[in-house]
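# sequence plus the predicted model coming up.
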Amino acid sequence: MLKNLHVKNMALIEEIDVDFENGLIVFTGETGAGKSLLLGSVNVALGQKASKEIIRQGTDYSLVEMTFQIGEKEAEQLKAYDICMDGDYVTVTRRISDGRSVSKINGETVNLSTLKAVMSVLVDIHGQHEHQSLLYEKKHLEILDQFASNETGALRRQLKEKYTRYAELKKLLAEMDIDEAKRAREIEFAQFEVSEITSANLKIGEDEELERQMKFVSNSQEILSAISSIYQYLGYEQDNGAGAQIGRAITEMNRVSGYDDSVKNMQDALYEMDELCRELVSDIEAYHRNMEFDAETAREVEERFDIISHLKLKYGRSIQEICEYADEKQAYLERLQNLNDELEKIRSEMQSCYREMEAICEKISDARRSAAEKLEQLIVTALEELNFLSVDFRIVISRTEEITENGFDHVSFMISTNPGEPLKPLAKIASGGELSRIMLAIKSILASEDDVDTLIFDEIDTGISGRTAQKVAEKLAKISRKHQIICISHLSQIAAMADDHYLIEKHLRNDRTITTLSKLDRDASIREIVRINGGTEITNASFVQAEEMKDMAEQVKSNLG
């Protein structure tokens, strides 16, 4: 569950740091106080795209940090992402600065895809308008598959692999199913390319050796000139050569060495210098003698270098890549030369692959139908708890003409909310408030299946009031007995049901607007409930009503255990 949220320099938020416990956590506040901003900060930590405009004016960066306490199941899931664990805690940090963002998990930098994947294990967030996605039947299939993941997960992965291969074969068939004229042209061109590469007799590493030789050839005259000069500077033939000078020094040293034994070390050093100089001069002489500037060899090196450079421009950046291209082209050429056989092989494999996909789709469809029956009953029960007085809900599964990577099923949610009314597609009869409750029902069921510990709801109460609002509050309270629920709401019934109630406010500090977050005790929570209930005049009756709501909520939670 979420243990701590730390937000800094995020638009109107200067800095917020709050610790959380389990249960139902509710945020309320005036319109425009910053409730959506707080949720936006959470979305940034979840990997949502963030621009530099969110950085608080006058600061260099924005920071969001969320710390979760996890169990064994979450820890096992996170192993797949190679996360360095810090006991049973996971800290996710995202820092936004001008032009870039840096995401870290337990101090290690990760990319956005890893951040999103890890956060999907730790938290499920329901945005303010997410219930609108129920209007699209594609979402219905996603929901059913999420519910049936234990039964369909492995099968769907198998199907995806087969579908990918089928798509590859289909593309290959389209590429190779050509007329005779085009086939002849393709064969001729492929033969030319293969011949051009193979006739070059390339050797791995040859280009590097040629580059070394080209460098030598192009600078050979300069090298010869420098070697000749060095030979003269060090040699014994010229009076001013280093070797000749050392020889004269040795002669002088030998003349006086008998007079003083202490010069013996210097004499030995001179002999060593002379020996080293003679060896070096000998090596230079041999190098000079063996180094012949052969114009014909230079021409051959240049021509070979040009051939390889030309091939690199056409077929690859290295000899390795050029050879791989030749192998691929040779294989393509052989397929063209044996086109009918190749086409038959591809068609045969496609048929076999399609039959395998059909078999997998049948199994997936059977599993979906079985799961749909269970999900229907669970949704009806959940909707009745959310004040749908008479509701019939069905999941209709029909077969499509084509197989996709999701199978051949089309899934549609059908509902009737009035006795005697026929079932109709969800999108045609559900109001905004009904969609919110249906999504809440689905979220509560999927949460039980997925064991996601923290659920965040942004104004799940859209379009509802009165008795229905009370039922939604009770449903949230029920879910919060097994999951941590964080809810941004404008309903007093939900605020009254909170285990922890937080108030989001805007203040003016040092001529700047800031958003703050404060935890409310019972009395402060009652005052906030009075504000939410509104009215032109706040009276003692308003406070009595708020206290009664709070007491009733406590009794409901007590009955839940």
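Alright, I've got the coordinates.
# the lengthiest strand in the chain: how far from the chain's middle?
The residue-count maximum for a strand in the chain (DSSP state E) belongs to strand 392-404. Between the centre of strand 392-404 and the centre of its host chain there is 32 Å, according to CA atoms, centre = their mean, to the nearest Å.
# which other residues reach that strand?
140, 144, 163, 354, 357-358, 361, 365, 368-369, 372, 375-376, 379-380, 383, 408-416, 423 (CB atoms under 8 Å, 6 or more residues apart in numbering). Heads up, the C-betas are built off the backbone N, CA and C, glycines and all.
# pairing partners for the very next helix or strand once past it, with directions?
Helices and strands here follow DSSP states H and E; after strand 392-404, the next one along the chain is strand 407-416. Here strand 407-416 is paired, per DSSP bridges, with strand 392-404 (antiparallel), strand 424-425 (antiparallel).
# returning to that earlier point: and the contacts of strand 392-404, which of them are buried?
With neighbours counted by 16 or more other CB atoms under 10 Å, the contacts of strand 392-404 contain buried members at 140, 144, 163, 354, 357, 361, 365, 368, 372, 375-376, 379-380, 383, 408-409, 411, 413-416.
# host element of the residue nearest to the spatial centre of the chain?
For the chain, the residue nearest the mean C-alpha position is Ser113 (1.1 Å; CA atoms, centre = their mean). Assigning secondary structure by DSSP H and E places Ser113 in helix 112-122.
# what's downstream of that helix, the next helix or strand?
strand 123-126.
# CA atoms only for that following strand, dumped as PDB, please.
Only the C-alpha atoms of strand 123-126 are listed here, as PDB (Å, rounded to 0.1, in the frame of the first residue of the first chain):
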ATOM      1  CA  VAL A 123      -1.500   1.000  -7.900                       C
ATOM      2  CA  ASP A 124      -4.700   1.100 -10.000                       C
ATOM      3  CA  ILE A 125      -5.900   4.600 -10.800                       C
ATOM      4  CA  HIS A 126      -9.400   5.500 -12.000                       C
END
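# partner strands of it, with direction?
Going by DSSP bridges, the partners of strand 123-126 are strand 454-458 (parallel).
# which outside residues touch the strand it pairs with?
With CB under 8 Å, 6+ apart, strand 454-458 has contacts from 1-2, 35-36, 39, 42, 68, 122-128, 440, 443, 447, 476, 479, 483-489.
# hey, what's the angle from that strand to helix 112-122? Just curious.
Strand 454-458 and helix 112-122 are oriented at 100 degrees to each other (axes from the mean of the first three to the mean of the last three CA atoms, to 10 degrees).
# pLDDT of strand 454-458, averaged?
If you average the pLDDT over strand 454-458, you get 86.
# got the contact list for the closest residue to Ile96 other than its chain neighbours?
Once flanking residues are discounted, Ile96 sits nearest to Ser62: 4.4 Å by CB to CB, 6 or more residues apart in numbering. Residues near Ser62 by CB under 8 Å, 6+ apart: 8-11, 44, 50, 54-56, 95-97.
# show me where the stretch 1-150 of the chain has helices.
35-45, 72-78, 112-122, 137-147, 149-176 (DSSP state H, counting those that start in this stretch).
# need the winner for burial among those helices.
Each of the helices of the stretch 1-150 of the chain was scored by mean neighbour count; the highest is helix 35-45, a mean of 21, by mean count of other CB atoms under 10 Å.
# so it versus helix 112-122, what angle?
Using the same axes, to 10 degrees, the direction of helix 35-45 lies 120 degrees away from that of helix 112-122.
# the chain should start at 689 in everything you say after this.
Okay, using 689 as the starting number, the last item reads as helix 723-733.
# which residues touch helix 723-733?
693, 695, 698-701, 704, 715-717, 736, 738, 742, 750, 752-754, 780-782, 784, 807, 811, 813, 815-816, 1144, 1146, 1176, 1192, 1203, 1205.
# buried subset of the contacts of Ser750?
696-699, 732, 738, 742-744, 783-784.
# report the lowest-confidence entry in these.
Out of the buried ones among the contacts of Ser750, that is Ala738, at 78.
# quick one: low-confidence ranges for the stretch 739-888 of the chain?
Within the stretch 739-888 of the chain, the stretches with pLDDT under 70 are 774, 787, 815-820.
# strands along the stretch 1139-1249 of the chain, start to end?
1142-1146, 1172-1176, 1188-1197, 1200-1208 (DSSP state E, counting those that start in this stretch).
# list the buried residues in the last one.
Meaning strand 1200-1208. 1202-1205, 1208.
# and what of the longest one?
Neighbour counts over strand 1188-1197 (16+ other CB under 10 Å) mark 1188-1192 as buried.
# distance from the chain centre to stretch 1152-1163, please.
38 Å.
# now tabulate the helices of the stretch 689-838 of the chain in CSV and tack on distance to Gly923.
Output for the helices of the stretch 689-838 of the chain, formatted as CSV (distance: least, CB to CB, whole Å):
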stretch, distance to Gly923
helix 723-733, 75
helix 760-766, 73
helix 800-810, 67
helix 825-835, 86
helix 837-864, 71
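# so which of the ones you listed is nearest Ile1152?
helix 723-733 (17.4 Å; CB to CB).
# give me the distance from the closest one to the chain's centre.
20 Å.
# repeat that for stretch 754-769.
17 Å.
# same question, stretch 1075-1094
31 Å.
# look up how far Cys772 lies from the residue nearest to the centre of the chain.
Using CB to CB, to the nearest Å, Ser801 is found at 18 Å from Cys772.
# just the CA coordinates for stretch 1175-1182, please, in PDB.
The C-alpha trace of stretch 1175-1182 is given here as PDB (Å, rounded to 0.1, in the frame of the first residue of the first chain):
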ATOM      1  CA  CYS A1175     -10.700   8.800  -3.200                       C
ATOM      2  CA  ILE A1176     -11.000  12.400  -4.400                       C
ATOM      3  CA  SER A1177     -14.700  13.300  -3.900                       C
ATOM      4  CA  HIS A1178     -17.200  16.100  -3.600                       C
ATOM      5  CA  LEU A1179     -19.800  14.100  -1.800                       C
ATOM      6  CA  SER A1180     -20.400  14.400   2.000                       C
ATOM      7  CA  GLN A1181     -21.500  10.800   2.200                       C
ATOM      8  CA  ILE A1182     -18.100   9.600   1.100                       C
END
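# in it, which residues are buried?
Buried-residue list, stretch 1175-1182, by 16+ other CB under 10 Å: 1175-1177, 1179-1182.
# list the contacts of the most far-flung residue of the chain relative to its centre.
Farthest-out residue of the chain from its mean C-alpha position, per CA atoms, centre = their mean: Tyr947, at 84.9 Å. Taking CB under 8 Å, 6+ apart, we find Tyr947 in contact with no residue.
# got it, and Ala721?
1192-1194, 1203.
# farthest-apart pair in the residues you listed, please.
Taking CB to CB, no two of the contacts of Ala721 sit farther apart than Ile1192 and Lys1194, at 8.2 Å.
# for these two, list the residues in contact with both.
Counting by CB under 8 Å, 6+ apart, the residues touching both Ile1192 and Lys1194 are 721-722, 1203-1204.
# no further questions, thank you.
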